[in-house]
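Peer 1: Test case, fold it:
(one chain, ligands or ions: 2)
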Amino acid sequence: MTRIALLGATGSIGRQALELIEAHPDLELCAAMSGVRPLDAVAASHPRARCAVGGDPIALLEACEPDVVLNAIVGFAGIRATLWALEHGVTLALANKESLVAGGALAREAQRRRGGLLIPVDSEHSALMQCLDGWHDAQIESLVLTASGGPFRGRSREELAGVTVEEALAHPTWSMGPKITVDSATLANKGLELIEAHWLFDIPYDKVEVVVHPSSIVHGIVRFRDGAALAHVGYPDMRVPISYALTYPERAATPVPALDLAAGVTLSFEAPDVDAFPLLRLAREAGERGRTYPCVFNAANEVAVAAFLDGRVGFLDIAVMVEDTLGHVGDDEAGDLDELVAVDSEARRIAAARLVHA
Ligand code: NAD
Ligand code: MG
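Peer 2: Ligands and ions are numbered 1, 2, ... in the order given. Have a look, this model is predicted:
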């Protein structure tokens, strides 16, 4: 039996994880946590699981002794659970990319010290991990992250000025929580994923390429020095990478059908438009500058996306707020979690002040 602690159990990833846990005889839910939504239905189907709504995830994790922590909390709020798992050598199935973006150095240091597994749930990174298996660094030329391009692919900056929250939430290929759906529309999500790839695979930024691939069939590509490349393909369905992370290295069966090639699968790729979607460029710059710039990028983006979802700022203001905040803070090191939390709070304060003037 693999005991799983599921954080973010009421979300898009959380609900799909529950479906997989319930269908697999060797997976057992030992704990479930949500931010505010009640967990009555989860508690009824899993009477032995500890359930908590809000509060401290660490107390829950300490009490339930999991084999795997599936961190599907949204945002920087997931940082404590990420570090707890890595510091205890407990396998971390990580959907909460924001914690690795903001706290990459602390997370990797804890993982190296304790030797636990860190398995990405993000589909692109799950794909890359699978394509990277068995090769060594010198053989690898670069990694390719694919992006659907979101609902506004092909639009110019001018055409993006008046887009509504409803339009931003209408993602063409993936059904996800509201924050990541807006991040996909601005391409901030691919920027976060670029930084995530840097930390997961220990790879410099100039060796990670982003391409737009509208049908989301190719999830990731690894290029090798001999000119060959391995790609990971399949329907866009998060149950595949969630199941991979929960059952690694078993690769259990899922209800997701195999790709129907005979029905006609067309693959097309194009360069991302970083003028219309500057958050991708800003994320790359923040990653390359290192230190706490990625933490600031993430914090300002969280504040700006929440303001956009509330109708307080427009779509283009998200990137303006992030760029402005990055101009004020970021050039610090965070040697521990308390220092990182202080940087995150300061970045949120500056971004929120920018909101008053937006
Ligand atoms: P969501 O908004 O649907 O769900 C978020 C979950 O986190 C909810 O259960 C909520 O109650 C919980 N939560 C929020 N704040 C919390 C807090 N302070 N403490 C405890 N729980 C809290 O989001 P989602 O789409 O499921 O995404 C979750 C994470 O997975 C994000 O980091 C996202 O980037 C990542 N991710 C999601 C997808 C996807 O398909 N949805 C794909 C790749 C990566
Ligand atoms: Mg992804």
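
Peer 1: all strands for this protein, in order.
Peer 2: 2-7, 27-34, 50-53, 68-71, 91-94, 118-120, 140-147, 208-212, 218-224, 229-233 (DSSP state E).

Peer 1: does any part of the second one sit near ligand 1?
Peer 2: I take that to be strand 27-34. Yes: against ligand 1, strand 27-34 shows contacts by CB under 6 Å from any ligand atom at 33, 34. Just so you know, the C-beta spots here come from the backbone N, C-alpha and C atoms, and that holds for glycine as well.

Peer 1: May I have the strands that pair with that strand, each with its orientation?
Peer 2: Its sheet considered, strand 27-34 pairs with strand 2-7 (parallel), strand 50-53 (parallel) by DSSP bridges.

Peer 1: which one of those is the most hemmed in?
Peer 2: Stretch with highest mean neighbour count among the strands paired with strand 27-34: strand 2-7 (a mean of 25; mean count of other CB atoms under 10 Å).

Peer 1: which residues are in contact with that one?
Peer 2: 14, 17-18, 21, 26-33, 57, 60-61, 64-73, 78, 81, 96, 246-247 (CB atoms under 8 Å, 6 or more residues apart in numbering).

Peer 1: what do you get for stretch 161-170?
Peer 2: With CB under 8 Å, 6+ apart, stretch 161-170 has contacts from 151, 152, 178, 181, 182, 185, 308, 309, 311, 314, 315, 316.

Peer 1: before we move on, what about stretch 340-358?
Peer 2: 76, 79, 102-103, 106, 292, 295-296, 298-300, 302-304, 307, 312-313, 317, 320-322, 324-325, 328-330, 332, 334.

Peer 1: can you rerun that using 7 Å?
Peer 2: 76, 102-103, 106, 292, 295-296, 299-300, 303-304, 307, 312-313, 317, 321, 324-325, 328-329, 332, 334 (CB atoms under 7 Å, 6 or more residues apart in numbering).

Peer 1: Can you select the buried ones from those residues in ChimeraX?
Peer 2: Here is the ChimeraX command that selects the buried residues among these (16 or more other CB atoms under 10 Å):
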select :76,102,103,106,292,295,296,299,300,303,304,307,313,317,321,324,325,328,329,332,334
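
Peer 1: Who is residue 92 paired with across the strands?
Peer 2: residue 69, residue 118.

Peer 1: and it, how many neighbours?
Peer 2: 29 (other CB atoms under 10 Å).

Peer 1: so it touches residue 81, yeah?
Peer 2: No: Residue 92 is not in contact with residue 81 according to CB atoms under 7 Å; the separation is 8.4 Å.

Peer 1: which residues are in contact with both of the two?
Peer 2: 69, 71.

Peer 1: Quick one: residues contacting the nearest residue to residue 53 once chain neighbours are set aside.
Peer 2: Using CB to CB, 6 or more residues apart in numbering and skipping the chain neighbours, the partner closest in space to residue 53 is residue 34 (5.4 Å). For residue 34, the contact set (CB under 7 Å, 6+ apart) comprises 8, 9, 10, 53.
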